[in-house]
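J.: No sequence on hand, only this structure:
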């Protein structure tokens, strides 16, 4: 479980980093700011890679967390960097990460007890 905690902490750190860098930003900002694109895409890659490394025991215990989807986003970014759909990325950033953060904070507190 300690190993899983480390990976979940990495995910939470990257979510926090995305939240910090995307405050007061819009989809248009993401389209026009190459640095922001790099920050967000790299953070999503790390989230996907850390998700891949979380044990099956934890993934099975918490099936409501979109483990496969997080890994899938990472794979699409890595293998299709020049054709990333920034609308989808922005939707993830603005609509999904907050819920994911709350879920993972709950998981982390449960597995560290």
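T.: Great, that's in hand. Being a predicted model, the structure only gives us computed values, none of them experimental.

J.: From now on I want contacts and neighbour counts done on CA atoms only, so please keep to that.
T.: Fine.

J.: ranges for the helices of the protein?
T.: Taking DSSP state H as the criterion, the chain contains helices spanning 2-22, 27-32, 34-53, 56-61, 67-79, 86-91, 97-111.

J.: Turn the ones you listed into JSON lines, including mean neighbour count and mean pLDDT.
T.: Shown next, in JSON lines, are those (neighbours: other CA atoms under 10 Å; pLDDT from 0 to 100):
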{"stretch": "helix 2-22", "mean neighbour count": "17", "mean pLDDT": "97"}
{"stretch": "helix 27-32", "mean neighbour count": "14", "mean pLDDT": "97"}
{"stretch": "helix 34-53", "mean neighbour count": "19", "mean pLDDT": "95"}
{"stretch": "helix 56-61", "mean neighbour count": "12", "mean pLDDT": "97"}
{"stretch": "helix 67-79", "mean neighbour count": "17", "mean pLDDT": "84"}
{"stretch": "helix 86-91", "mean neighbour count": "15", "mean pLDDT": "92"}
{"stretch": "helix 97-111", "mean neighbour count": "14", "mean pLDDT": "96"}
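
J.: Skipping adjacent residues, who's closest to residue 59 in space?
T.: residue 67 (7.0 Å; CA to CA, 6 or more residues apart in numbering).

J.: The one you found touches residue 58, doesn't it?
T.: No: taking CA atoms under 8 Å as the definition, residue 67 is not a contact partner of residue 58, at 10.1 Å.

J.: Residue 33 versus residue 77, what's the distance?
T.: The gap separating residue 77 from residue 33 is 17 Å, by CA to CA, to the nearest Å.

J.: check contacts around the residue nearest to residue 45 when sequence neighbours are not counted.
T.: With sequence-adjacent residues excluded and distances taken as CA to CA, 6+ apart, residue 45 is closest to residue 74, at 4.4 Å. Counting by CA atoms under 8 Å, 6 or more residues apart in numbering, residue 74 makes contact with 44-49.
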